[in-house]
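Engineer: sequence and predicted structure are below.
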Amino acid sequence: MTETLQATYLMPATVHEALDMAAQHQGHCAFMAGGTDLMANRFQGNNAAPVLIDLTQVSDMKGIDQRDGYLRIGALETLHQLAKSPALSEFTMLREAAHSVGAPLLRKTATLGGNVLCENRCLYYNQTEWWRESIGYCLKCDGDICIATGGRNACFSELVSDTAPAIIAMEGEIEWVSPLGTRVQPLEAIYTGDGVKSKNLPDNAIVTAIRLPLYRNFRHSFHKLRERESLEYTSLTLAMAVDGQGNGKVAMSGVDPKAVVARWAAGALDKGALLKQLLKGARAVDNDMFTRGYRRQMVEVYLSQALGKVVW
Ligand SMILES: Cc1cc2nc3c(=O)[nH]c(=O)nc-3n(C[C@H](O)[C@H](O)[C@H](O)COP(=O)(O)OP(=O)(O)OC[C@H]3O[C@@H](n4cnc5c(N)ncnc54)[C@H](O)[C@@H]3O)c2cc1C
Ligand code: SF4
């Protein structure tokens, strides 16, 4: 056992108890849901928080119900539950996205909240401590340059959440709680575009739910590029949704530190302009199993396939 694996383990029963615990251990704690991302990062020496606050017993973060015109999905719902949930019959793209994550065993414990918040990844960062030490540390782990780009002063680690693009394409929102109260905002707003601090949430914020707007009659298309059809992070996920009025939105992960988003109004689709906007947002660098060039080419392929499916 290494030192980084030792921690004080706390298990609150309510959101308020969890917020109190986080306030007591401000700056020294991490929330944990399924732990599938957090524990992998701890094993690699990329997270050494001495206090872990396990959220899995917080009952008001579980369940799926309808409120104020939205389907509200508790942040602790597992990806396994979502992939087969009849409650998602209007949002089957989220089922598909949940099913595309990792492998069956992982989806049994991995949660929706943890998925939209999972840490950005990079081939030069998600390695063992001794591996990273041997090449010199990078910006995301105490170094002062980006190794993937040969020395740039910015981090391009990728957002790898597969559910985030699906939620964003369907105009989904994130609900989170901090000592100042509850806040709801479009999911895309939490991603900063800076791979070092990739989420724009207060340190002790707890994500309680994801909300999807009801009765929009979305048609949708979901695409994921990966080396194997199981147990593989995304190298490009593209999700597209067009509502009953013909308004469209496309969102991608795997090609930038943030979700890359583009939209069009009913009757105003310009495929060339859409592609240009997506490629401008996708600042992919060579820090993935697939090259930057190949992933950018696949943006056009998936865009064409998605438009062919949802626009007529
Ligand atoms: C082998 C392997 C394959 C994987 N493949 C994929 C893949 O294909 N696609 C994909 O998207 N991901 C993949 N992952 C990453 C990860 O398993 C998933 O993203 C998973 O959904 C994370 O959910 P979790 O509940 O386990 O999160 P955790 O590990 O518990 O938490 C992840 C992060 O979110 C924070 N957090 C979690 N819940 C909350 C909350 N409610 N409020 C505030 N903070 C919170 C934690 O502090 C942590 O920083 C893979 C992981 C492994 C190990
Ligand atoms: S993109 Fe650069 S700075 Fe970011 S994790 Fe990779 S090597 Fe490090």
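Structural biologist: Sure, I can see it. Since the structure is predicted, the reported quantities are computational estimates derived from the model, not experimental observations. Ligands and ions are numbered 1, 2, ... in the order given.
Engineer: and the lowest-mean-pLDDT helix or strand in the chain, how far from the chain's centre?
Structural biologist: Lowest by mean pLDDT, DSSP states H and E among the helices and strands of the chain is helix 129-135, with a mean of 90. Between the centre of helix 129-135 and the centre of its chain there are 26 Å (C-alpha atoms, centre = their mean, to the nearest Å).
Engineer: C-terminal to it, what's the next element?
Structural biologist: helix 163-169 (DSSP states H and E).
Engineer: and that following helix, average pLDDT?
Structural biologist: Average pLDDT, helix 163-169: 98.
Engineer: give me the contact list for that helix.
Structural biologist: 79, 93-94, 96-98, 101, 112, 115-116, 186-188, 191, 210, 212, 220, 222, 237-241, 249-253, 259, 261 (C-beta atoms under 8 Å, 6 or more residues apart in numbering). (C-beta placed from N, C-alpha, C; glycine too.)
Engineer: go on, stretch 21-35?
Structural biologist: Contacts of stretch 21-35 (C-beta under 8 Å, 6+ apart): 10, 12, 18, 38-39, 47, 49-56, 75-76, 78, 109-111, 113-114, 179, 203-204, 206.
Engineer: quick one: name the residues of the protein near ligand 2.
Structural biologist: 122, 124-125, 138-140, 146-148, 155-157, 195, 287 (C-beta under 6 Å from any ligand atom).
Engineer: which residue ranges make up the domains of this structure?
Structural biologist: As assigned by automatic domain parsing, the chain contains the domains 1-54, 219-310.
Engineer: possible to save those as TSV with mean neighbour count, mean pLDDT and distance to residue 60?
Structural biologist: Converted to TSV, those look like this (neighbours: other C-beta atoms under 10 Å; pLDDT from 0 to 100; distance: least, C-beta to C-beta, whole Å):
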stretch	mean neighbour count	mean pLDDT	distance to residue 60
domain 1-54	16	92	6
domain 219-310	19	96	27
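Engineer: next, the residue of the chain most remote from its centre: secondary structure please.
Structural biologist: Going by C-alpha atoms, centre = their mean, the residue of the chain most distant from its centre is residue 267, 30.4 Å out. What DSSP: H, G, I helix; E, B strand; the rest coil gives for residue 267 is coil.
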